[in-house]
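Trainee: Build me a model:
(one chain, ligands or ions: 1)
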Amino acid sequence: MSCFRLENVSYRYDKALVLNGVDLRLEPGEILGLFGHNGAGKTTSIKLILGLMTPCAGNLSVLDGEAGDPKISQYIGYLPENVMFYPQLTGREILAHFARLKGASQRQVPELLGQVGLEDAMDARVKTYSKGMRQRLGLAQALLGKPRLLMLDEPTVGLDPVATADLYRLLRGLRDEGTGIVLCSHVLPGVEPYIDRAAILTEGALKAAGDLPALRRQANMPITLTLEAENDETALQAVVEKTAGAGVMKRDNSGRLSVAVRPEEKMPLIQALMMSGEVRDLGIYQPTLEDLYVHFIGSGGLAHRGGAQ
Ligand SMILES: Nc1ncnc2c1ncn2[C@@H]1O[C@H](COP(=O)(O)OP(=O)(O)OP(=O)(O)O)[C@@H](O)[C@H]1O
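Mentor: The predicted structure follows:
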């Protein structure tokens, strides 16, 4: 069973085509990071999976059924980008209300509030909650009924670094129990260790999807080696220059010697450096998720990304 499959899915709002032939899937026990600039089509994709809208072309299946079918929707948890709750009610009352709507057990209410760190605040009115506390309540709401598919739109907004790390740990636990999770975000720093695959959307089209090694292979971006000379730097420079295809050694912003090489040139250069005896220490820096994101959205991406990046 797949959590969802989008095959060649397109969607338009009136005349504007906002998703164009998207192929994307999520399997149980997997965390997918869905990344893209403002207006790239992330929320539209989520709304299609939730069955709130219907694709204008392509095929979409959710938990091997039809998006929007109530028998399917009961197994989906969703945290919207802007969570809003009735401010006069307490966290416990709100969650109890959502549990009734979703047909989830009332026993889950205090349990989930504890899990998201609201045990001491569950009987306080939501109007007294901080933004991060409202976000946690939203997360508890999304977790009601033990969803098989969990979709979180900007889940770390309003969370401090400790709460963000707690959230990612919680998501990992759910992933390990078989839940398929989609994490939509602009916030790339810090997310890399917690996702299994990334999908990068720009202007309604999927630019790349895969795990980090696959994205790195596809991007074929240079790898940076940082070097510390054993003797003098000129001798080290000579080794770098002698290695066919290797780049020029320079000093980076933090004063370290570095050389950028194509992925296929990395091992020959490392071997030459080791044989030469001219290197005391070296570091290897692969492109990060942020580097890959910028690569795939292209130079026009800066114009797209707006202020939220
Ligand atoms: N109700 C609507 N009517 C018309 N156009 C819409 C509507 N909702 C979204 N759009 C347009 O669809 C495109 C995709 O929007 P969407 O909300 O899916 O982007 P997003 O990637 O979630 O962006 P953000 O990160 O800013 O939330 C945008 O160009 C947006 O202006």
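Trainee: I'd like the average pLDDT over stretch 292-300.
Mentor: Average pLDDT, stretch 292-300: 81.
Trainee: Residue ranges in the chain under the pLDDT threshold?
Mentor: By pLDDT under 70, the low-scoring segments of the chain are 244-247, 299-309.
Trainee: Enumerate the residues of it near the ligand.
Mentor: By the rule CB under 6 Å from any ligand atom, the part of the chain lying against the ligand is 13, 16, 18, 36, 38-44, 81. Every residue, glycine included, has its C-beta placed from N, CA and C.
Trainee: try 8 Å this time
Mentor: 13-14, 16, 18-19, 36-47, 81, 153-154, 184, 186, 201, 204, 306, 308 (CB under 8 Å from any ligand atom).
Trainee: Among those, which lie within helices?
Mentor: Under the assignment DSSP state H, those contribute 42-47 to helices.
Trainee: Most neighbours among these, please name it.
Mentor: residue 45 (29 neighbours; other CB atoms under 10 Å).
Trainee: Any idea what residue 180 is bridged to?
Mentor: residue 149 (DSSP bridges).
Trainee: Can you report how many residues lie near it?
Mentor: Neighbours of residue 180 (other CB under 10 Å): 26.
Trainee: Next up, the contacts around it.
Mentor: If you count contacts by CB atoms under 8 Å, 6 or more residues apart in numbering, residue 180 has them with 3-4, 26-30, 32, 148-150.
Trainee: if I look at it, how far off is residue 69?
Mentor: 17 Å (CB to CB, to the nearest Å).
Trainee: do the same with residue 134
Mentor: 30 Å.
Trainee: the more surrounded of those two?
Mentor: The residue with more neighbours, out of residue 134 and residue 69, is residue 134; 21 against 12, by other CB under 10 Å.
Trainee: In contact with the more buried one, which residues?
Mentor: So residue 134 contacts 83, 85, 126, 158 (CB under 8 Å, 6+ apart).
Trainee: Filter the contacts of residue 180 down to the buried ones.
Mentor: Buried subset of the contacts of residue 180 (neighbour count, 16 or more other CB atoms under 10 Å): 3-4, 26, 28, 30, 32, 148-150.
Trainee: Now do the helices in the stretch 101-250 of the chain.
Mentor: 108-115, 131-143, 161-176, 212-219, 233-242 (DSSP state H, counting those that start in this stretch).
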